[in-house]
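Visitor: need coordinates for the below:
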Amino acid sequence: MARICTRPRSSYPERQGINDSRSLNHDDGGHHGNPEAEREGCAGHFVEGRLDAVTTPVLEKDLTALMAGGERFLVLDLGGLDYVSSAGLRTILTVTKRLREKQGRLLLASLKSVVREVFDISGFSSIIPIFESVDAAISGLG
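Guide: Numbers count the residues shown, from 1 in each chain. A predicted model of the protein is given here:
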């Protein structure tokens, strides 16, 4: 059965690093020392399950809402993602292009080897920055 769970990182206490889906630029100083993230804000989402034609609209809706709210820098923690289809890749590419139009960036983090292989074979890993961890992705904004 197709499923996806996409949530603000703050709702996953065992996966801390990004404060919530709205911004790292909170009153608690959650920018993690990154001046770019502090200045512009950086939203993060943890994605788990399958990203396919059935579930992709959920992720697209969430990311579109973040961008509509003014977010220009998004970090997707894909550590819980087990499968990504061409529909999922298309959504990620679309979000990447929309963010670039706003001088923003989409960064991916914590990909499982099977998911990383899909990004490598499709050539997406040469288009979208991929990091070993969320902290590395946040540092990559600077």
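Visitor: what sits against the closest residue in space to residue 130 that isn't next to it in sequence?
Guide: Nearest non-adjacent residue to residue 130, counting by Cβ to Cβ, 6 or more residues apart in numbering: residue 108, 4.7 Å away. The C-beta positions use only the backbone N, C-alpha and C, and glycine is treated the same way. Residue 108 makes contact with 75-76, 78, 92, 119, 128-131, 137, according to Cβ atoms under 8 Å, 6 or more residues apart in numbering.
Visitor: select the longest strand from this structure.
Guide: strand 73-84 (DSSP state E).
Visitor: got the angle for the next helix or strand after that one vs strand 73-84?
Guide: Tracing the chain past strand 73-84, the next element assigned as helix or strand by DSSP states H and E is helix 86-101. If you take axes from the mean of the first three to the mean of the last three Cα atoms, to 10 degrees, helix 86-101 sits at 170 degrees to strand 73-84.
Visitor: gap between helix 86-101 and the chain center?
Guide: For helix 86-101, the separation from the chain centroid amounts to 11 Å (computed by Cα atoms, centre = their mean, to the nearest Å).
Visitor: could the contacts of residue 108 go into TSV alongside neighbour count and pLDDT?
Guide: Converted to TSV, the contacts of residue 108 look like this (neighbours: other Cβ atoms under 10 Å; pLDDT from 0 to 100):
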residue	neighbour count	pLDDT
75	30	91
76	28	93
78	24	94
92	24	96
119	20	97
128	17	95
129	17	95
130	22	96
131	18	96
137	27	90
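Visitor: what's the closest of these to residue 100?
Guide: Nearest to residue 100 out of the contacts of residue 108 is residue 128 (Cβ to Cβ; 10.4 Å).
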